[in-house]
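[1] Have a look; sequence and predicted model below, questions after that.
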Amino acid sequence: MKQKKRSFLFDRMLGKLCVKMRLVGYDAALNPEGESGRFLLNAAKEGRCAVTRARNMGDRPGPKPVILISDDVNEQIVELFAATGDTPGFEPFTRCLECNALLIEEPEEAVKGEVPPHVEKSFHRFHRCPSCRRIYWEGSHFQAMSKEIKEIAAKLKRR
């Protein structure tokens, strides 16, 4: 039976890491603006693993957060999996990078007029976020992001 992947709540200073975890397919949320004092409570309430760089966070009552040291986002991913002991289970390009919702595949006809004309002509496979309605396709950024995901996976294998 497939083990359920852990979901994460990142504090506001880890916004880039939050987006990168969505990129590789993890349920990753950013603590709401103005709620830094409720960070650990929010994580517990939502059943998420709290992740921060604030070293003093470990002194607070409640479940202990994962406290990261590195400034480098890809290194933070390695640190995160080392700290949780989880085996990385990447499912790239399955979540909205903006709002974290799971993407759904959309037929070409459904996105006509919603993407630039050159995209309509050049691409035939699209995904849409059911929440914020953002549309994704395998454009020029896709190759760069795919390469980065492979580099992260290679770093994780070396740990």
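    Received it, and whenever you're ready, just let me know what you need.
[2] middle-most residue in the protein, spatially?
    Nearest to the mean C-alpha position of the chain, by CA atoms, centre = their mean, lies residue 22 at 1.9 Å.
[3] who touches it in this structure?
    Shown in contact with residue 22 (CB atoms under 8 Å, 6 or more residues apart in numbering): 28, 95-97, 100. For the C-beta atoms, the positions are set from N, CA and C on the backbone; glycine is no exception.
[4] ok, and the most crowded of those residues?
    residue 28 (25 neighbours; other CB atoms under 10 Å).
[5] quick revisit: identify the residue spatially nearest to the residue nearest to the centre of the chain, adjacent ones excluded.
    Once flanking residues are discounted, residue 22 sits nearest to residue 95: 4.4 Å by CB to CB, 6 or more residues apart in numbering.
[6] From residue 53, how far off is that neighbour?
    Between residue 95 and residue 53 the distance is 23 Å, computed by CB to CB, to the nearest Å.
[7] now the helix ranked longest in the chain: mean pLDDT?
    Counting residues, the longest helix found in the chain (DSSP state H) is helix 140-158. Here helix 140-158 scores 92 as its mean pLDDT.
[8] Just list what that helix packs against, helices and strands only.
    helix 15-23, helix 73-84 (3 or more CB pairs under 8 Å, 6 or more residues apart in numbering; DSSP states H and E).
[9] If we use 6 Å, what do you get?
    Secondary-structure packing of helix 140-158 (3 or more CB pairs under 6 Å, 6 or more residues apart in numbering; DSSP states H and E): helix 73-84.
[10] quick one, the helix it packs on and helix 15-23 angle?
    Interaxial angle of helix 73-84 relative to helix 15-23 (axes from the mean of the first three to the mean of the last three CA atoms, to 10 degrees): 70 degrees.
[11] ok, whichever helix or strand comes after helix 73-84: who's next to it in the sheet?
    Later in the chain than helix 73-84, the nearest helix or strand by DSSP states H and E is strand 104-106. Strand 104-106 has its sheet partners listed here by DSSP bridges as strand 126-128 (antiparallel).
[12] Past the strand it pairs with, which element shows up next along the chain?
    Next in line after strand 126-128, if elements are assigned by DSSP H and E, sits strand 135-137.
[13] in that following strand, what's buried?
    136-137 (16 or more other CB atoms under 10 Å).
[14] And the contacts of that strand?
    By CB atoms under 6 Å, 6 or more residues apart in numbering, the residues outside strand 135-137 that reach it are 111, 114-115, 123, 126-128.
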